[in-house]
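1. mind folding the following:
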Amino acid sequence: MKYIFDKTKIQNKQLNTNNFLGILNDDENEKIIFKKYETVAFSTQNNFDMNTIYYDEETNEIKKKNKVQLFKEGTYQLEEGEIFHEDTQEFTTIEQPSKWHTWNGKTWEVDIEEVKKIKRFELKRIREQKISENIEVHGFVFQVREKDLENFEDVARAIRRKKKTEEDTRAWILADNSIKVFTYAQLLDVLDERALRKEKIFDEYGTLIIKLQQAKTLEEIENIKF
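-> Sure, this is the predicted structure:
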């Protein structure tokens with residue numbers, strides 16, 4: 001495709017709708033079709049923005065603007081870590097030191113307190129995940145997610161209200177979807193084991209949070225792991 005412009009209306013090398021005449025196929029002759037105009041053409045198979053091209057009077061050609069031109073006109077925005085050097089007219093990129101660093105427009109910086117907030121949220125997420133993981137009791141693996149606890153509470157409630165005894169039995173769906181029969185006492189053991197595990201997890205979580213509060217460097221924070 002060829003984009004045809006009226007050369008006599010081009011001002012300050014800028015191309016726009018005021019000097020744009022039309023679009024032709026590559027095999028069409030603009031000098032015949034637009035014979036009343038002094039034309040200049042730009043050939044491309046891709047869509048483009050007129051703000052990204054300009055007219056070069058010396059070569060009588062329409063060219064794509066380079067990165068420096070686009071930046072100075074405000075069309076190109078610097079990426080994070082990228083700097084334009086006015087003295088050399090060159091771009092350089094400074095690598096992000098870590099995932100915690102943010103770009104302030106000139107340098108990468110890290111806000112330790114903000115990193116601590118993110119780390120605390122991460123530790124809390126892992127804590128909850130560990131609490132809800134499957135648990136093995138009496139040689140069988142049980143699901144003990146929050147939504148599973150209601151079924152265990154039904155067992156405990158039946159015992160408290162003396163509707164069932166600990167020797168009574170109940171069929172239970174295990175983590176692998178198999179079904180086994182357990183006594184009510186065995187099912188209560190699952191609740192007890194989960195409670196013990198939860199207590200240990202919270203103890204470990206508390207220790208990690210204390211370390212996090214005391215951390216002063218990024219390295220110290222990154223070394224805190226569940």
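2. now do the SS call for the residue nearest the centre of the chain.
-> Closest residue to the average C-alpha location of the chain: Lys99 at 11.4 Å, with C-alpha atoms, centre = their mean. Here Lys99 is coil, with the state taken from DSSP: H, G, I helix; E, B strand; the rest coil.
3. pLDDT at it, what is it?
-> Looking at Lys99, its pLDDT stands at 90.
4. distance of it relative to Phe121?
-> Using C-beta to C-beta, to the nearest Å, Lys99 is found at 14 Å from Phe121. Any C-beta I mention is one placed from the backbone N, CA and C, and that applies to glycine too.
5. Glu95 now?
-> 26 Å.
6. care to break this protein down by domain?
-> Split into domains by automatic domain parsing, the chain comes to 2-72, 111-222.
7. looking at those, which is closest to His85?
-> Among the domains of the chain, the nearest to His85 by C-beta to C-beta is domain 2-72 (10.4 Å).
8. quick check: which element contains Ala185?
-> Using DSSP states H and E, Ala185 sits within helix 184-214.
9. tell me how many other residues crowd Glu73.
-> When neighbours are counted by other C-beta atoms under 10 Å, Glu73 registers 13.
10. next, count neighbours for Asn51.
-> If you count neighbours by other C-beta under 10 Å, Asn51 ends up with 14.
11. in three-state terms, label the residue lying farthest from the centre of the chain for me.
-> What lies farthest from the middle of the chain is Lys36; by C-alpha atoms, centre = their mean that is 55.0 Å. With three-state DSSP as the basis, Lys36 sits in coil.
12. so it versus Lys7, what's the distance?
-> 13 Å.
13. quick one: the strands in this protein?
-> Assigned strands in the chain, in chain order: 2-6, 20-24, 39-43, 53-56, 61-64, 82-85, 90-93, 102-103, 108-109, 135-137, 140-142, 169-173, 179-183 (criterion: DSSP state E).
14. now, of those, which is deepest in the fold?
-> strand 2-6 (a mean of 20; mean count of other C-beta atoms under 10 Å).
15. CA-only coordinates of that one in PDB, if you can.
-> Taking Å, rounded to 0.1, in the frame of the first residue of the first chain, the C-alpha atoms of strand 2-6 are listed here in PDB:
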ATOM      1  CA  LYS A   2       1.100   3.600  -0.700                       C
ATOM      2  CA  TYR A   3       0.000   6.600   1.300                       C
ATOM      3  CA  ILE A   4       0.100   9.700  -0.900                       C
ATOM      4  CA  PHE A   5       0.700  13.200   0.400                       C
ATOM      5  CA  ASP A   6       0.600  16.600  -1.200                       C
END
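16. between the domains of the chain, which one is closest to Gly81.
-> So among those, domain 2-72 is nearest, using C-beta to C-beta, at 15.1 Å.
17. same question for the least confident helix or strand in the chain by mean pLDDT: list its buried residues.
-> Within the chain, no helix or strand scores below helix 30-33, which has a mean of 89 by mean pLDDT, DSSP states H and E. For helix 30-33, burial by neighbour count (16 or more other C-beta atoms under 10 Å) applies to Glu30.
18. what lies in contact with it?
-> The contact list for helix 30-33 (C-beta atoms under 8 Å, 6 or more residues apart in numbering) reads 2, 4, 21-22, 24, 39, 41.
19. for those, which one is nearest Phe48?
-> Of all these, Phe48 sits closest to Lys2, with 12.5 Å by C-beta to C-beta.
20. what distance do you get for that closest one to Glu166?
-> As for Lys2, its distance to Glu166 is 89 Å (criterion: C-beta to C-beta).
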